[in-house]
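J.: Below is the structure, and that's it, no one-letter string:
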């Protein structure tokens, strides 16, 4: 969790507030579990932009005036209260993080997905990773002191095995940063970027045969590409992407048939790679097309064409709602607060 690592880093230097989307309903800019960090002069992450984020940042900076450990929870009906056309509803928690309570951040820093238990106390929030069933909702009374919040956060990263650290491989690795993939990057050359596993052809083929997620083959050597493709066909990879033209595809497929591979096996190979409709041969263009294709495969709930992501776009700023202007809203773990 990059926000957990950033929170630890920042809390060693200055006060930090955290904005948490505890639960969402309807059309909203971001999903439940999203976190955003705020200091007096900087932000890290986003809860979707627009007026919701604008108001929450303002509230987070007001929270920094209170003692560490203080917190509050607020519901935001996006259309009614904030004038955002999304029209959904979010339950938001804003807190001044306690620099003396960082064990939970250390515990989740290297996790992709987990369930977080948060016990709300008058003097702060006690947190730990749990296996309990989530209980968060955007409806009903606001949680207050004495309540326990159980949230699913993040999603498992999709394993991505990529062979080739040339111009296209480097461009793909750059685009992948921050996306829900766990990249294992391999090449048989030594003059490659940091983070690339170097091995000979036999070692790389063994890696390809062991793949169980998504596999991309785009080395500098067509002979090596062919051997890797054969090895990948013996793996459990649910996607085998091979860079190349229609001519390369025809030649490889013909050789595979002669080597005894069936049509069903060969049909597992995607060549050329990249989302159809994105044209261009520049490494950066190929990278965008390929990563877009991989995102379609890894998405837990693929979108129907035409739905788009307009709800996450920044909305025109409007004047702060009177209930939000200039003061911190209640529910700071105080008994009797609303």
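T.: In hand now; what should we look at? No experiment lies behind these values; they were computed from the predicted model shown.
J.: And stretch 203-215, what's buried?
T.: Neighbour counts over stretch 203-215 (16 or more other C-beta atoms under 10 Å) mark 204, 205, 207, 208, 209, 211, 213, 214, 215 as buried. Heads up, the C-betas are built off the backbone N, CA and C, glycines and all.
J.: Stretch 117-133 too?
T.: Buried positions in stretch 117-133, judged by neighbour count with 16+ other C-beta under 10 Å: 117, 118, 120, 124, 125, 127.
J.: What of stretch 279-299?
T.: By neighbour count on 16+ other C-beta under 10 Å, the buried set for stretch 279-299 is 283, 286, 287, 288, 289, 290, 291, 293, 294, 295, 298.
J.: And for that stretch, what's in contact with it?
T.: 158, 160, 167-168, 170-172, 174-176, 179-181, 214, 216, 238-239, 241, 243, 270, 273-275, 278, 302 (C-beta atoms under 8 Å, 6 or more residues apart in numbering).
J.: now with 7 Å?
T.: Identification of contacts with stretch 279-299 by C-beta atoms under 7 Å, 6 or more residues apart in numbering yields 158, 160, 167-168, 171-172, 175-176, 179-181, 214, 239, 241, 273-275, 278, 302.
J.: Spell out the residue ranges of the strands in the stretch 51-200 of the chain.
T.: 71-77, 89-96, 113-121, 124-130, 148-154, 158-163, 181-187, 196-198 (DSSP state E, counting those that start in this stretch).
J.: Any stretches of the protein with poor pLDDT?
T.: 1, 79-87, 299-338 (pLDDT under 70).
J.: between the longest helix along it and strand 181-187, how big is the angle?
T.: Using DSSP state H to define each element, the chain has its longest helix at helix 283-298. If you take axes from the mean of the first three to the mean of the last three C-alpha atoms, to 10 degrees, helix 283-298 sits at 130 degrees to strand 181-187.
J.: hey, where'd the helices end up in the stretch 1-150 of the chain?
T.: Counting by DSSP state H, counting those that start in this stretch, the stretch 1-150 of the chain has helices at residues 2-11, 50-63, 78-82, 103-108.
J.: how far is the first one from where the chain is centred?
T.: Put plainly, it is helix 2-11. 16 Å (C-alpha atoms, centre = their mean, to the nearest Å).
J.: buried set for that helix?
T.: 3, 4, 6, 7, 8, 10, 11.
J.: okay if I get these as TSV plus distance to residue 100?
T.: As requested, the buried residues of helix 2-11 are exported to TSV (distance: C-beta to C-beta, whole Å):
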residue	distance to residue 100
3	19
4	16
6	18
7	13
8	12
10	15
11	9
